[in-house]
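Engineer: sequence first, predicted model second:
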Amino acid sequence: MSDPTFQTQFAERIGGANYGKGTEIYKFEKIKRAKRKALADHPERGLVDFGIGENDSAAPENVRSSMAAEINKTENRGYADNGITEYKQAVARFMKRNFQVDLDPATQVNHCIGSKTALAMLPACFINPGDVTLMTVPGYPVAGTHTRYYGGVVYRLPLLAQNDFLPDLASIPADVVAKTKLLVINYPNSPTGKVATREFYSQVIDFAKKNNIVVVQDAAHILLSYDDKPLSFLQVPGAMDVGVEIHSHSKGFDMIGWRLGWVCGHPKIVQAFADVKDNSDSGQFAAIQRAAITALDDDSIPTRIRAKYKRRLEKLVSLLSRCGFTCKMPGGSYFLYTRSPKGLASGQVFETAEAASQYLITEHSIVTVPWDDAGPFLRFSVTYEAADEKAEDALMAETEKRLKKIQPVF
Ligand SMILES: Cc1ncc(COP(=O)(O)O)c(C=O)c1O
């Protein structure tokens, strides 16, 4: 196909005149293709899918009923702009009850159409060309992508096993720190499953204050915390002076497709976010916000979802341990992040986690997501579809049978 007349007009940030001509295939597309091939070549084998990063259940019944009622109310019909007051108040109640965090709903809370959009918009509040955003890797890259869109620079902070998957702030060169405007962190962390400690958050706050840096803590997985009660960044003294936390209805309330979350914390940052947002979208449908109030006021929902994913992760950890993997229960999220095998007992060698992951999909129909950014690791998600515990156990037994046959070597 010949180029359109406007081919040279694409912005450099998405590839300029070469936009759409790249031949590189991205990780998730490679996984999709390998899945399709495994299904076509071995339909009898059945796919064991630990690759999906989305909740496997629909939103709770009381939330759906609330939505059914709200959708018929004419007062919900219009632009919701920066959000309805009742939703902000429900967020403030939720943050107080769950984290003992006091928020003024009028100035310290603003909804977003999913936390992804907030991560995309916050760089617009701070990043001028040449400014730096510190991003942990592996991680959710959206704030970094938008930093680059604004002419900013991303400095990557590797999350290494030897550092307990926390970034080493002291390792950042002074000239980088001097240009840094944003530090984006994410705990419980995706994909490592690591949870932050109060001590780590205190270090982050000291670092931010000393260097005049704004902290964005992505708490999308916070309700899936397994060891202790979930910890909010804003619970730690000083956090409110330096940053915001972004929350989501996706993971902890099984509302992933509903597209709702919130930004909370320092009023001036919330205000800047609301200004950018107001120039980007017209707010999430008020009926969704009202149904989400039902979710925020019902603590049994996250309790139930947490128990399910904890149970599934425990089963996965013991099965993988029996197959030679070194892994332990993650502190949070529905991901198990574990060192990728170097090869197999047969002598086959994997140079990267991506190679191991491709082999597992194509040869044994076991889907994982590889990460090679900070050492070779595989991510197993426990969001697979299984109707009940018996079906979960059958899936675990099938996975164990396949892995024991190949005998991974580490
Ligand atoms: C770490 C992290 N942050 C943010 C998001 C975005 O979540 P949502 O836009 O559904 O709120 C995700 C989704 O997978 C995530 O894993």
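Structural biologist: Looks like it came in fine.

Engineer: all strands of this protein, in order?
Structural biologist: Counting by DSSP state E, one finds strands in the chain at the ranges 48-49, 109-112, 132-137, 153-158, 180-186, 214-218, 243-248, 261-265, 335-339, 343-344, 366-367, 369-371, 377-381, 408-409.

Engineer: how about the ones you listed, which one is nearest E351?
Structural biologist: strand 343-344 (9.5 Å; C-beta to C-beta). C-beta coordinates here come from the backbone N, C-alpha and C atoms, glycine included.

Engineer: on that earlier part again, out of the strands of the chain, the one nearest the ligand is which?
Structural biologist: Counting by C-beta to the nearest ligand atom, the ligand lies closest to strand 243-248 out of these; the figure is 3.2 Å.

Engineer: parallel or antiparallel, which strands does the closest one pair with?
Structural biologist: Partners of strand 243-248 in the sheet, by DSSP bridges, are strand 214-218 (parallel), strand 261-265 (antiparallel).

Engineer: from these, which stretch is densest packed?
Structural biologist: Ranked by mean neighbour count, those are led by strand 261-265 with a mean of 28 (mean count of other C-beta atoms under 10 Å).

Engineer: get me the contact residues on the stretch 51-200 of the chain for the ligand.
Structural biologist: G53, G114, S115, K116, Y140, N186, S190 (C-beta under 6 Å from any ligand atom).

Engineer: repeat the analysis, applying 8 Å as the threshold.
Structural biologist: Applying C-beta under 8 Å from any ligand atom, we find that the stretch 51-200 of the chain lies next to the ligand at 53-54, 112, 114-117, 119, 139-140, 142, 186, 189-190.

Engineer: distance from the chain centre to stretch 274-291, please.
Structural biologist: A distance of 21 Å separates the centroid of the chain from that of stretch 274-291, by C-alpha atoms, centre = their mean, to the nearest Å.

Engineer: let the chain start at 45 from now.
Structural biologist: That works, and once the first residue is 45, the last one we named lands at stretch 318-335.

Engineer: got the strands paired with strand 287-292 as CSV, with distance to the ligand columns?
Structural biologist: Shown next, in CSV, are those (distance: least, C-beta to the nearest ligand atom, whole Å):
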stretch, distance to the ligand
strand 258-262, 5
strand 305-309, 4
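
Engineer: ok, the closest residue in space to H408 that isn't next to it in sequence - contacts?
Structural biologist: Closest residue to H408 apart from its sequence neighbours, by C-beta to C-beta, 6 or more residues apart in numbering: R446 at 4.7 Å. Counting by C-beta atoms under 8 Å, 6 or more residues apart in numbering, R446 touches V92, H408, S409, I410.

Engineer: rewinding a little: make CSV from the strands paired with strand 287-292 and add mean pLDDT to it.
Structural biologist: Converted to CSV, the strands paired with strand 287-292 look like this (pLDDT from 0 to 100):
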stretch, mean pLDDT
strand 258-262, 98
strand 305-309, 98
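
Engineer: now distance to L147 too, for these, in TSV please.
Structural biologist: Shown next, in TSV, are the strands paired with strand 287-292 (distance: least, C-beta to C-beta, whole Å):
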stretch	distance to L147
strand 258-262	14
strand 305-309	5
